[in-house]
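Asker: Just to be clear, the model below is a prediction. Sequence and coordinates:
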Amino acid sequence: MENLNQVEILLVEDNPRDAEMTLRALRKNHLTNKVLVVGDGEQALDYLYTRGKYAEQDYDCRPKIILLDLKLPKVDGKEVLCTIKSDPDKKMIPVIALTSSREERDIFETYQLGVNSYIVKPVDFDKFVEAVNEIGLYWLLLNQQ
């Protein structure tokens, strides 16, 4: 098994097209060395809590950031966020909601649950690349963890 303890970005995205677009944007900005993509909230929690297919890795796995879609199958993104932010061992991991929802209720609830940033996915690819670049520059390079 690959060394999943070296993951820098955990991308939680159920839409393969959006996941690929995010990976392309990360590649374009040279930020894809250590990205793990999971397709639902349950897989994200399995990775973070070393369950299921991730049971063999060290429990102390901590990606530098989590890019989290809100509308996910199995375990919803808000529930994933709530689980992470209520856990003393995981709550310091920056979680960025990267979602298509512009609903004020989603934004408000997500910040109440402890999200570090809320970004609406731009439809235009160039704007999306720019947004991902800014996420990467700030959360991976400038932010002190």
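Answerer: Okay, I see it.

Asker: Once you drop chain neighbours, what's closest to residue 18?
Answerer: Leaving aside its sequence neighbours, residue 18 sits nearest to residue 121 (C-beta to C-beta, 6 or more residues apart in numbering; 6.8 Å). Using the backbone N, CA and C atoms, a C-beta is placed for each residue, glycine as well.

Asker: which ones are touching that neighbour?
Answerer: Applying C-beta atoms under 8 Å, 6 or more residues apart in numbering to residue 121 gives the contacts 18, 98-100, 128, 131.

Asker: Tell me the gap between the lowest-mean-pLDDT helix or strand in the chain and the middle of its chain.
Answerer: Lowest on mean pLDDT, DSSP states H and E among the helices and strands of the chain sits helix 125-136, with a mean of 78. Taking C-alpha atoms, centre = their mean, to the nearest Å, one finds helix 125-136 lying 15 Å from the centre of the chain it belongs to.

Asker: Need the CA coordinates for it. PDB is fine.
Answerer: Output in PDB follows, covering the C-alpha atoms of helix 125-136 (Å, rounded to 0.1, in the frame of the first residue of the first chain):
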ATOM      1  CA  PHE A 125     -12.100  26.600 -15.600                       C
ATOM      2  CA  ASP A 126      -9.600  29.500 -15.600                       C
ATOM      3  CA  LYS A 127     -11.400  31.100 -12.600                       C
ATOM      4  CA  PHE A 128     -11.400  27.700 -10.900                       C
ATOM      5  CA  VAL A 129      -7.700  27.300 -11.500                       C
ATOM      6  CA  GLU A 130      -7.100  30.700 -10.000                       C
ATOM      7  CA  ALA A 131      -9.300  29.800  -6.900                       C
ATOM      8  CA  VAL A 132      -7.400  26.500  -6.400                       C
ATOM      9  CA  ASN A 133      -4.100  28.300  -6.800                       C
ATOM     10  CA  GLU A 134      -5.000  30.800  -4.100                       C
ATOM     11  CA  ILE A 135      -6.200  28.000  -1.800                       C
ATOM     12  CA  GLY A 136      -2.900  26.100  -2.300                       C
END
